[in-house]
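Peer 1: here is a sequence with its predicted model. Questions after.
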Amino acid sequence: MRNWYTTFALTVSYFLKAGDGGGGGGISLAGTSWDKEALAIAEQVALSFGDLGLYAFKTLSNSTIRVRIEKLSNKSGSPSIVDIGAFSATYRARLDEAEVARSIPENISLEVSSPGVERVVRIPQDLDRFKERPMYVKYVSEVSDTASSSEGDGIFRLVSFDLETGCCTWGIADVRINREKAGKGRPLSKKQREWRLNTPFDSLRLVRLHSEI
């Protein structure tokens, strides 16, 4: 039986989409007359801090900008409250200047946050950075002798990846959810420890960090 945490985690993963401009990272523009200018300013502000980057950027047609920043010098990628506050204040000031110059509309609403502890892992650029962390992986595999495919998922650890072939190899992560499958209070079984999964990059539908906290 799945506990509430497992069910919640899988539900969250269902709604996440890589590159959605939100929890899935990437850039999502609403197609307004001002969103490219707002993005350019955000990129300039992030660059001015030296160790901050845009993890996600999204504009909405109701004049709202949502930004998720990451700390490039931090292995976890998580910015501090101070980082978020400093970026927000600097970006807000630049947006106010753009409003006065009429390059963006007035009364832009700004929301700045972090990627979150279970951030989506961008493939392949984030693999080396987070290779020591357990990850939730959702993937598609081809079914032998048929033209169909099947979808699978699990909490894995990255064993290796190859940028030239565009493939990676996964093993079962030593986390509570996986250990419980071997029996309560027991470590991973030999079969679990030796299990491997090979996936092309383009078969990965979602990869995000897994946290047991």
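Peer 2: That came through, no problem.

Peer 1: for Ser76, see how far away the closest residue to Pro134 other than its chain neighbours is.
Peer 2: In space, and not counting its chain neighbours, Pro134 is closest to Ala173: 3.7 Å by Cβ to Cβ, 6 or more residues apart in numbering. For glycine as for every other residue, the C-beta is placed from the backbone atoms N, C-alpha and C. In this structure, Ala173 and Ser76 are 17 Å apart, going by Cβ to Cβ, to the nearest Å.

Peer 1: for these two, work out which one has more neighbours and name it.
Peer 2: Of the pair Ala173 and Ser76, Ala173 is the one with more neighbours under other Cβ atoms under 10 Å, namely 22 against 15.

Peer 1: need the contact list for the more buried one.
Peer 2: Pro134, Met135, Ile155, Phe156, Arg157, His210 (Cβ atoms under 8 Å, 6 or more residues apart in numbering).

Peer 1: how far away is the third one from Arg176?
Peer 2: It refers to Ile155. Counting by Cβ to Cβ - Ile155 and Arg176 are separated by 9 Å.

Peer 1: of these two, which one has the most company?
Peer 2: A direct count of neighbours by other Cβ under 10 Å for Ile155 and Arg176 places Ile155 higher, at 20 against 12.

Peer 1: what does the strand or helix carrying Ala46 rub up against?
Peer 2: Secondary structure from DSSP states H and E places Ala46 in helix 35-49. By Cβ under 8 Å, 6+ apart, the residues outside helix 35-49 that reach it are 27, 29, 52-54, 57, 59, 65, 67, 69, 83, 86-87, 90-91, 94-95, 98, 103-104, 108.

Peer 1: so of those residues, which ones are in helices?
Peer 2: Counting by DSSP state H, the part of the contacts of helix 35-49 found in helices is Asp83, Ala86, Phe87, Thr90, Tyr91, Arg94, Leu95, Ala98.

Peer 1: report the buried members of those.
Peer 2: Asp83, Ala86, Phe87, Thr90, Tyr91, Arg94, Leu95, Ala98 (16 or more other Cβ atoms under 10 Å).

Peer 1: could you dump the residues you listed to TSV with distance to Gln125 and pLDDT?
Peer 2: Putting those into TSV (distance: Cβ to Cβ, whole Å; pLDDT from 0 to 100) gives the following:
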residue	distance to Gln125	pLDDT
Asp83	21	97
Ala86	25	98
Phe87	21	98
Thr90	26	98
Tyr91	24	98
Arg94	27	98
Leu95	28	97
Ala98	30	96
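
Peer 1: quick check on the closest residue in space to Glu151 that isn't next to it in sequence: phi, psi?
Peer 2: The shortest distance from Glu151 to any non-neighbouring residue, by Cβ to Cβ, 6+ apart, is to Val140 (5.4 Å). Torsion angles at Val140 (phi, psi; degrees, to the nearest 10) stand at phi -120, psi 130.
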